[in-house]
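# Can you look at this prediction? I've put the sequence above it.
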Amino acid sequence: MNKCYLGVDIGSISTKGVIIDEKFNILSSNYIWTLGNPIDAVKKLISTLSIPENYKLCGIGTTGSARKLIGLMLGANVVKNEIMAHAVGTLSFYKNARTILEIGGQDSKIIILNNGVITDYAMNTLCAAGTGSFLSSQSKRIGVDINDFGEMALKSKNPVKIAARCTVFAESDLIHKAQLGYKKEDIVAGLCKSVVLNYLNNVGKGKKIFEPIVFQGGVSKNKGVVKYFNEVLNTNVIVDDNSHLMGAIGIAILSSQGESKELSLNINDIKFETKGFECKGCSNNCEIVKIFKDDKLIDSFGNKCEKGVKLK
């Protein structure tokens with residue numbers, strides 16, 4: 001019986017899952033929207049993934065903003081942050097990679113590598129400017145399908161300059177440029193370029209970007225953004241066919257290195273619920289998160305002192 005491993009990357013906007021074999025080949029994968037409910041999103045994701053015959057699931061890894069919750073839900077043997085997951089996934093396919101640029105739906109990150117070791121990184125989670133959700137909201141504002149953004153940007157001969165350091169300023173500038181009668185392709189190209197400049201001026205600020213450079217996340221599928229990364233950095237960034245799944249691939253690989261045991265994905269009939277309360281045991285006023293499986297408490301977290309260990 002062959003072994004396989006599941007990796008799940010749960011973000012605020014999208015949830016990604018892959019099943020890989022022992023040689024890291026992808027056997028099954030999917031990318032769906034989280035829609036504000038990571039538990040339901042993962043149940044839906046799992047229902048779309050398939051384990052081939054003569055394979056048994058021997059490891060589950062979770063990463064992303066809801067990694068701990070989903071790790072408990074799936075009985076994961078490995079739970080790691082996105083920085084580690086993306087680095088491991090990338091280095092498994094691009095051993096000489098020095099820089100990882102990642103732009104997701106709600107946040108973005110940069111990872112600097114040297115001889116396969118993470119030497120520096122930065123994340124931007126405070127403002128959505130320059131992320132996938134920013135591009136999606138602006139595409140609706142100007143009446144262009146987000147899936148057509150990249151191709152339309154490539155047609156532009158004169159991209160307009162759009163201030164994208166802040167979502168509010170960007171929207172105001174976008175409306176102003178549209179009222180001046182600029183072509184849509186020039187506005188779209190301007191948005192794509194502003195994403196690149198915003199990323200480099202914020203997430204990449206103070207970072208020495210080395211080649212080879214690998215571009216990941218859902219936004220890496222936007223050909224316009226890729227074009228302007230190449231132009232501004234004066235290089236050709238690498239965009240893998242599975243760039244949007246690299247976090248899930250990385251955590252699946254890490255799960256293969258953890259304790260191996262035969263696991264099951266039969267979770268549809270199991271009820272999972274999250275409840276929270278504010279602990280008054282000390283001045284920290286910690287928010288304690290309790291996880292229930294079929295109404296039975298299975299774990300809790302959030303306490304900063306021993307007083308918060310009392311769960312009920």
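Thanks, I have it. The shown structure was predicted, so the numbers you read here are calculated from the model rather than taken from an experiment.
# residue contacts, Asn54?
1-2 (CB atoms under 8 Å, 6 or more residues apart in numbering). C-beta: built from backbone N, CA, C; applies to glycine.
# Which residue ranges of the stretch 201-312 of the chain form strands?
213-216, 272-278, 287-293, 296-301 (DSSP state E, counting those that start in this stretch).
# quick one: stretch 228-245 to chain centroid distance?
Relative to its chain's centre, stretch 228-245 lies at 16 Å (CA atoms, centre = their mean, to the nearest Å).
# er, stretch 58-73 actually
The answer for stretch 58-73 is 13 Å, by CA atoms, centre = their mean.
# Could you tell me which ranges of the stretch 1-150 of the chain sit under the pLDDT cut-off?
Regions of the stretch 1-150 of the chain meeting the criterion pLDDT under 70 cover residues 125-130.
# Quick one: low-confidence residue ranges for the stretch 201-312 of the chain.
308-312.
# In CSV: the strands of the stretch 201-312 of the chain, plus mean neighbour count and distance to Arg67.
Below are the strands of the stretch 201-312 of the chain laid out as CSV (neighbours: other CB atoms under 10 Å; distance: least, CB to CB, whole Å):
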stretch, mean neighbour count, distance to Arg67
strand 213-216, 24, 17
strand 272-278, 13, 14
strand 287-293, 16, 13
strand 296-301, 13, 12
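# Make a markdown table from these and add distance to Ile103 to it.
Listed next are those as a markdown table, based on distance: least, CB to CB, whole Å:
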| stretch | distance to Ile103 |
| --- | --- |
| strand 213-216 | 8 |
| strand 272-278 | 28 |
| strand 287-293 | 28 |
| strand 296-301 | 29 |
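# Can you say which of those strands is nearest to Ala178?
strand 213-216 (28.2 Å; CB to CB).
# tell me what that closest one is packed against?
Here strand 213-216 touches helix 82-93, strand 99-103, helix 223-233, going by 3 or more CB pairs under 8 Å, 6 or more residues apart in numbering; DSSP states H and E.
# Report how many residues lie close to the nearest residue to Leu57 once chain neighbours are set aside.
Nearest residue to Leu57 in three dimensions, chain neighbours excluded: Leu263, at 4.7 Å (CB to CB, 6 or more residues apart in numbering). Neighbour count of Leu263, defined by other CB atoms under 10 Å: 18.
# tell me the contacts of Leu263?
By CB under 8 Å, 6+ apart, the residues touching Leu263 are 6, 57-60, 75, 77.
# Go again with 7 Å.
57-58, 60, 75 (CB atoms under 7 Å, 6 or more residues apart in numbering).
# Leaving out the residues flanking it, which one is nearest to Cys247?
Check again: residue 247 is Gly, not Cys. Counting by CB to CB, 6+ apart, Gly247 lies nearest to Asp9, which is 3.8 Å off, once chain neighbours are set aside.
# And the helices in the stretch 101-250 of the chain?
Assigned by DSSP state H, counting those that start in this stretch, the helices in the stretch 101-250 of the chain fall at 132-141, 149-154, 167-179, 184-202, 223-233, 246-256.
# deepest of the ones you listed, which one?
helix 246-256 (a mean of 29; mean count of other CB atoms under 10 Å).
# what does it rub up against?
Identification of contacts with helix 246-256 by CB under 7 Å, 6+ apart yields 5-9, 16-18, 20, 22, 24, 59-64, 77-78, 80, 82, 85-90, 92, 216, 240, 242.
# can you give me the offset of that helix from its chain's centre?
For helix 246-256 - counting by CA atoms, centre = their mean - the centre lies 13 Å from the chain centre.
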